[in-house]
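**Q** Predicted model, plus sequence, below.
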Amino acid sequence: MMSFSRQQGELNIEGCAVSALAERFGTPLYLYSRAAIEQAWRAYDAAFADREHLICYAVKANANLAILQLLAKLGSGFDIVSGGELERVLKAGGQPQKIVFSGVGKSRAEITRALEVGILAFNVESEAELERISEIAQALGKTAAISLRVNPDVDARTHPYISTGLKDNKFGIDIHRAGAVYAHAAQLPGLNITGLDFHIGSQLTEIEPLVDALSRSLALVDRLAEQGIILEHLDIGGGLGIAYQDETPPTPAALATAIKPLLANRPQRILMEPGRAIVGEAGLLVTQVEYIKTGHRDFAIVDAAMTDLLRPALYDAWQRIETVDAGQGEARFYDIVGPVCETADVLGRERHLALAPHSLLAVFDAGAYGFAMASQYNARPRAAEVLVDGNQAHIIRHRESLESLWQGEVLLEPS
Ligand code: LLP
């Protein structure tokens, strides 16, 4: 991706030197390329240009208001999974009628608010939820547009923690039962059946599981039509992977090419819920070496931790790590670890790097599920976030202050 380049060995993001941004904003620091986000969104949009469609960006991947705002300006819709994400999207200028609401545990308050603002559809994950939505809609005198999230029982062939479309997973309604659940929905007051959706997992590197899930879903769409239930949209979820290491995930264009024949002569609007594929490659986590500790293993102890980027600790995920400069001294194999008191606090193992004390490191492909999964464990304030646009750098989230760590906590007596 052209958003990252090197000049005389120095890493740049768009027209800015990463070292200068680290100096200005401090580390650990999240940097995002505006061009990379827009390019990824447009590539998705263009791939489906010849069909009526809506990209509903999965907010969970990166929920920063500025990023939501720039996506809303491009015309994006949003896939949300909580009342908090709903308010973020509204705050950023997203349109309610472009929002789909997924998630297995929607509360009464969340459903009520979504009905009040008038979202595009609820992706319903169980019969109990269907009944709850019907009841609330009726009480409010509203009609809820609903789509059933079916669980197509396909193996997405990704990490088990981010696989969602197997019948053992908690997500969605068993596709074999879905016909009966649709029939039930059609009887319930306050509901308008508008769609069907599935999402089989994340960081998918193969297209077949998606094609498989779609063809199973289309067979259901046909059975529903025979029952007189005509759907307006099909939501094919998100999940396209990015190349963290040597994966070759399908592009949105390849996905579109693979599924369009299945969709020929079908009038439904196509919705999709990509998260990682829109923002993943656009983000860097910049961190500075605090200490180098050599011995039985060589460690570079850096100022970022699992609290800033959880993926390596949680999924044993591999993300590319490079020095921000051309490297200093002799390269060795380092474990790049953070200051948190957990053995799992690793950003990368055995990375061949030429480091000096204070070297800056960039962890690539950190735009999705990076800051979004950050925590304050060990009383660590969360990092700052900066959006780079050409040679401009916009702070889009200030580094947390220490005071913010205990905001809302209450002493038992004055200290
Ligand atoms: N739609 C639904 C209903 C989802 O549950 C998800 C992600 C998406 C869309 C977006 O998936 P994407 O296009 O980003 O793959 N924290 C994990 C990923 C968890 C994904 C959860 N659901 C990671 O860092 O790999």
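**A** The structure has been received and is ready for your questions.
**Q** now the most centrally placed residue in the chain: how far from Glu247?
**A** Centroid-nearest residue in the chain: Ala61, 2.0 Å away (criterion: C-alpha atoms, centre = their mean). Using C-beta to C-beta, to the nearest Å, Ala61 is found at 17 Å from Glu247. For every residue, glycine as well, the C-beta is placed using N, CA and C.
**Q** that older thread, tell me which residues touch the residue nearest to the centre of the chain, please.
**A** Gly275, Arg276, Ile278, Val279, Gly280, Gly367, Ala368, Tyr369, Ala372 (C-beta atoms under 8 Å, 6 or more residues apart in numbering).
**Q** Quick one: list the elements packing against the strand or helix carrying the fourth one.
**A** I take that to be Val279. Assigning secondary structure by DSSP states H and E places Val279 in helix 276-279. If you count contacts as 3 or more C-beta pairs under 8 Å, 6 or more residues apart in numbering; DSSP states H and E, helix 276-279 packs onto helix 34-47.
**Q** buried set for the helix it packs on?
**A** Arg34, Ala35, Ala36, Ile37, Glu38, Gln39, Ala40, Trp41, Tyr44, Asp45, Ala47 (16 or more other C-beta atoms under 10 Å).
**Q** same thing with stretch 210-230?
**A** Leu210, Val211, Asp212, Ala213, Leu214, Arg216, Ser217, Leu218, Leu220, Val221, Leu224, Ile229.
**Q** As CSV, those with secondary structure would be great.
**A** Formatted as CSV, the buried residues of stretch 210-230 follow (DSSP: H, G, I helix; E, B strand; the rest coil):
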residue, secondary structure
Leu210, helix
Val211, helix
Asp212, helix
Ala213, helix
Leu214, helix
Arg216, helix
Ser217, helix
Leu218, helix
Leu220, helix
Val221, helix
Leu224, helix
Ile229, coil
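**Q** Looking at those residues, which is nearest the ligand?
**A** Leu210 (11.2 Å; C-beta to the nearest ligand atom).
**Q** isn't that closest one right next to Gly238, touching?
**A** No - using C-beta atoms under 8 Å, Leu210 is not in contact with Gly238, being 10.2 Å away.
**Q** From the structure, what's the count of residues near the closest residue to Ile242 other than its chain neighbours?
**A** Spatial nearest neighbour of Ile242, chain neighbours left out: Gly280 (4.3 Å); criterion: C-beta to C-beta, 6 or more residues apart in numbering. For Gly280, the tally of surrounding residues (other C-beta atoms under 10 Å) stands at 28.
**Q** Report pLDDT for Gly280.
**A** As predicted, Gly280 sits at a pLDDT of 98.
**Q** OK, contacts around it?
**A** Ala61, Ile242, Asp365, Ala366, Gly367, Ala368, Tyr369 are the contacts of Gly280 under C-beta under 8 Å, 6+ apart.
**Q** Mark which of the contacts of Ala61 are buried, thanks.
**A** Looks like those have Gly275, Arg276, Ile278, Val279, Gly280, Gly367, Ala368, Tyr369, Ala372 buried, using 16+ other C-beta under 10 Å.
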